[in-house]
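[1] Sequence and predicted model, in that order:
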Amino acid sequence: MRIRSLSAITTDRRPLFAQCLPALDVVTPELVQSVLCALSATPAVALCDPVQIVLSEVLNNIVEHAYDRATMGAVAVRVSLTDTELEIRVTDWGCPFPPQSGTGAPPDPQSLSEGGYGWFLIRSLTSRFSSERTATTNRLTLTFGLVQEG
């Protein structure tokens with residue numbers, strides 16, 4: 001068996017940020033601010049507003065729904081950049097997302113429901129959105145297209 005060095009693997013994705021913290025509502029603003037700081041000196045700085053909205057919504061959903069109030073959990077955020085897109089991967093080890101969470105259908109404004117707007121916002125503000133559940137892990141991949149000047 002031959003072992004290859006990881007440095008030999010090339011990718012056009014540049015890592016900008018990676019952190020794993022407790023999934024607590026008091027941590028969400030700090031984590032979002034850290035991601036925005038990482039974007040500030042990159043071409044993705046123009047995406048700070050939608051990233052802030054989407055990432056805040058995702059992290060709040062994880063804190064509120066993925067982990068039972070009696071259970072302590074963690075959330076990991078990885079941010080990477082290519083010449084054309086920003087990718088944010090959010091991983092947690094909590095309960096599975098509800099099956100309808102990925103539809104992104106607009107909520108009915110006549111229902112006066114307090115919930116249901118988050119997934120719609122996430123889908124509307126990202127270029128691509130995917131979620132997967134493997135074993136005990138939830139992974140969301142949020143992709144934002146970079147605005148090309150020229």
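    That came in fine, so what should we check first? For clarity, every value in this text was computed on a predicted model and none was experimentally measured.

[2] hey, let's count contacts and neighbours off CA atoms from now on
    Fine.

[3] Do a quick rundown of the helices in this structure.
    Along the chain, counting by DSSP state H, helices occupy 28-39, 48-61, 117-125.

[4] Check which helices and strands the last one sits against.
    I take that to be helix 117-125. helix 48-61 (3 or more Cα pairs under 8 Å, 6 or more residues apart in numbering; DSSP states H and E).

[5] Same check on the first one?
    With contacts taken as 3+ Cα pairs under 8 Å, 6+ apart, helix 28-39 sits against strand 14-22, helix 48-61.

[6] for these, which one ends up most surrounded?
    helix 48-61 (a mean of 19; mean count of other Cα atoms under 10 Å).

[7] quick revisit: so which of the helices and strands packed on helix 28-39 comes closest to Ala76?
    With Cα to Cα as the measure, strand 14-22 is the member of those nearest Ala76 (4.0 Å).

[8] Describe which strands that closest one pairs with in its sheet and in which direction.
    Strand 14-22 sits in its sheet next to strand 74-81 (antiparallel), going by DSSP bridges.

[9] May I ask which helix or strand of the protein has the lowest mean pLDDT?
    Counting by mean pLDDT, DSSP states H and E, the chain has its least confident helix or strand at helix 117-125, which shows a mean of 88.

[10] That one: how far from the chain's middle?
    12 Å (Cα atoms, centre = their mean, to the nearest Å).

[11] okay, the angle between that helix and helix 48-61?
    Using axes from the mean of the first three to the mean of the last three Cα atoms, to 10 degrees, one finds that helix 117-125 and helix 48-61 are set 150 degrees apart in direction.
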